[in-house]
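quick one, what's the 3D model for this:
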Amino acid sequence: MSLNSHLTELRRKHQSLSEAVERAQRAPGADAMQIAQMKKQKLRIKEEISRLSMT
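The predicted structure follows:
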């Protein structure tokens, strides 16, 4: 997988997680732990995107 396609896939996953977090936060009775885990995963992806974009 080329760097550009890997970055594209990471950005797609990041966007998908953003949408999932928003939906979960709007849902009544949302699981706060699950939302926190999604946010952490989203942050790890963002950090990887930043790291790879600098090379």
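
just the helices in this structure please.
Secondary structure of the chain (DSSP state H): helices at 3-26, 32-53.

confidence score at Trp1?
No, residue 1 isn't Trp; it's Met. Here, the pLDDT recorded for Met1 equals 74.

now do the contacts for it.
The contact partners of Met1, by CB atoms under 8 Å, 6 or more residues apart in numbering, come to Glu9. Heads up, the C-betas are built off the backbone N, CA and C, glycines and all.

mind giving me JSON lines with the helices of the chain and columns for mean neighbour count?
What follows is the helices of the chain, written out as JSON lines (neighbours: other CB atoms under 10 Å):
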{"stretch": "helix 3-26", "mean neighbour count": "13"}
{"stretch": "helix 32-53", "mean neighbour count": "13"}
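
go ahead and confirm Ile49 touches Gln15.
No - in this structure Ile49 lies outside contact range of Gln15 using CB atoms under 8 Å: 11.1 Å.

and Glu47, how far is that from His14?
Between Glu47 and His14 the distance is 10 Å, computed by CB to CB, to the nearest Å.

should've said Pro28
26 Å.

check Leu7 too.
Distance of Leu7 to His14, computed by CB to CB: 10 Å.
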